[in-house]
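Chemist: take a look and give me a structure for this.
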Amino acid sequence: MRLQHINIHPTLKGYIEKIWVFENNGRVSHDDLKLIVPNGLIKLTIPFRNGNIGKNDVCYHISKEHQMTLIGMCDLPAIIDVENDAPSGTIGVEFSPMGAYRFFRLRQNDIKNQIHLLVDVLGKTARDIEEQIANSESIEQKLKILQNFLLSIFIQNNSDLILEYCIRKINSSKGSVSIKQLEKETGYSSRWLNMKFDEKVGISPKNLCSITRFQFYYQALAQRNTGVSLQKDYYNLYYDQAHFTKDFKRFTGLPPMKFEQQVNDFGKIFLRE
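Modeler: Modelled structure (predicted):
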């Protein structure tokens with residue numbers, strides 16, 4: 001497996017979390033879970049060699065070569081694989097929670113836990129970009145076309161300063177900020193904030209807090225760069241052990257101890273940085 005992180009255009013930083021290129025000689029090992037856990041990021045993928053298969057408890061989707069695919073905000077674990085046991089390559093764009101609404105004019109909650117072809121969302125505009133990317137031989141040229149396309153639609157939409165403030169607060173608090181605190185600091189009711197998040201993020205502030213909190217533990221576990229007991233050290237982000245275990249099983253499908261015994265190298269592509 002080869003993963004390359006791509007420099008993001010300065011204007012798009014903060015709204016796009018990362019851009020990457022993943023290449024492999026065939027299917028990921030059968031021993032690998034190929035499990036993608038929720039990371040709070042809406043994703044756009046372009047398989048430029050081989051197709052991709054994605055599935056979760058509510059959705060199954062196949063993306064053929066050069067079909068741009070929009071993956072909505074997820075709070076369910078998913079399994080990803082290539083369509084055929086052959087060399088594969090995929091470009092991925094992951095939008096920050098405060099970024100996707102600047103690129104895609106739709107109610108984000110409508111695509112929650114779903115996978116859609118971008119042509120079904122943007123129509124001819126997406127089809128034209130797909131053709132340009134497909135007709136470009138080098139990965140560098142494909143990436144240039146993609147970033148220019150994203151920049152062109154980003155600058156057409158204004159920012160939502162209240163939403164961005166709330167998301168920054170959630171990130172800086174590691175998901176521990178309360179909705180009451182957001183109400184107090186913004187002057188807006190929880191009902192208004194929930195409606196705003198459903199429309200522009202895809203999930204509620206409380207749900208995003210849960211994913212953000214989980215990711216701090218999950219990243220440390222996936223990196224396995226410490227000899228301390230990760231479960232014990234990260235309980236301070238949760239009410240108690242039962243709360244931690246419940247969230248962990250919700251986002252991975254497995255209890256913590258069992259998950260730690262599995263191989264999930266492919267899933268590390270989607271670690272938040």
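Chemist: measure Cys209 to Cys166 for me?
Modeler: Cys209 sits at a distance of 10 Å from Cys166 (criterion: Cβ to Cβ, to the nearest Å). Where you see a C-beta, it was placed from the backbone N, CA and C, and this is true even at glycine.
Chemist: mind listing what the residue nearest the centre of the chain touches?
Modeler: The residue lying closest to the centre of the chain (Cα atoms, centre = their mean) is Leu41, at 2.9 Å. Leu41 sits next to Glu17, Met73, Glu94, Phe95, Ser96, Pro97, Phe270, Arg272 when contact means Cβ atoms under 8 Å, 6 or more residues apart in numbering.
Chemist: quick one on the thing from earlier: more crowded one of Cys209 and Cys166?
Modeler: Cys166 (26 against 23; other Cβ atoms under 10 Å).
Chemist: next SSE after whatever helix or strand Met195 lives in?
Modeler: Met195 belongs to helix 190-200 when assigned by DSSP states H and E. Counting by DSSP H and E, the next helix or strand C-terminal to helix 190-200 is helix 205-223.
Chemist: helices of this protein, start to end?
Modeler: Shown for the chain, the helices assigned by DSSP state H span residues 118-122, 124-134, 139-154, 161-172, 179-186, 190-200, 205-223, 230-234, 241-252, 256-260.
Chemist: so Ala242 versus Val37, what's the distance?
Modeler: Per Cβ to Cβ, Ala242 is found 20 Å from Val37.
Chemist: quick one: low-confidence parts of the stretch 51-200 of the chain?
Modeler: Applying pLDDT under 70 to the stretch 51-200 of the chain flags no residue at all.
Chemist: which one (most neighbours) among the contacts of Leu41?
Modeler: The most crowded member of the contacts of Leu41, judged by other Cβ under 10 Å, is Pro97 (30 neighbours).
Chemist: show me what contacts that one?
Modeler: Gly40, Leu41, Met73, Ile167, Ile170, Val201, Leu208.
Chemist: now the third one: closest residue in space, sequence neighbours ignored.
Modeler: Put plainly, it is Met73. Closest residue to Met73 in three dimensions, ignoring its sequence neighbours and counting by Cβ to Cβ, 6 or more residues apart in numbering: Gly202, at 3.1 Å.
Chemist: what residues does stretch 48-55 touch?
Modeler: 23, 45, 60-67, 69, 71, 78-84, 86-91, 115, 133-134, 139, 142.
Chemist: in strands, which of the residues you listed fall?
Modeler: 23, 45, 60-63, 69, 71, 78-82, 88-91, 115 (DSSP state E).
Chemist: what about burial for the residues you listed, which qualify?
Modeler: With burial judged by 16 or more other Cβ atoms under 10 Å, the buried subset of these is 23, 45, 61, 63, 69, 71, 78-82, 88-91, 115.
Chemist: Ala242 and Val37: which is more packed in?
Modeler: When Ala242 and Val37 are compared for neighbours, Val37 comes out ahead with 25 against 9, by other Cβ under 10 Å.
Chemist: the more buried one reaches Asp75, doesn't it?
Modeler: No: the pair Val37 / Asp75 is not scored as a contact, 9.9 Å apart, by Cβ atoms under 8 Å.
Chemist: hey, what's in contact with both of these two?
Modeler: Counting by Cβ under 8 Å, 6+ apart, the contacts common to Val37 and Asp75 are Phe251.
Chemist: and the protein, what are its domain boundaries?
Modeler: Taking automatic domain parsing as the domain assignment, the ranges for the chain are 2-154, 161-270.
Chemist: and the last one, how far out from the chain middle?
Modeler: Read that as domain 161-270. For domain 161-270, the separation from the chain centroid amounts to 13 Å (computed by Cα atoms, centre = their mean, to the nearest Å).
Chemist: for Lys169, see how far away Asn194 is.
Modeler: 15 Å.
Chemist: whoops, Leu146 was the one
Modeler: In terms of Cβ to Cβ, Leu146 sits 31 Å off from Lys169.
Chemist: among these two, which residue is more densely surrounded?
Modeler: More neighbours surround Leu146 than the other of Leu146 and Lys169, with 21 against 16 (other Cβ under 10 Å).
Chemist: so that one sits right up against Val21, yeah?
Modeler: No: using Cβ under 8 Å, Leu146 makes no contact with Val21, being 10.7 Å away.
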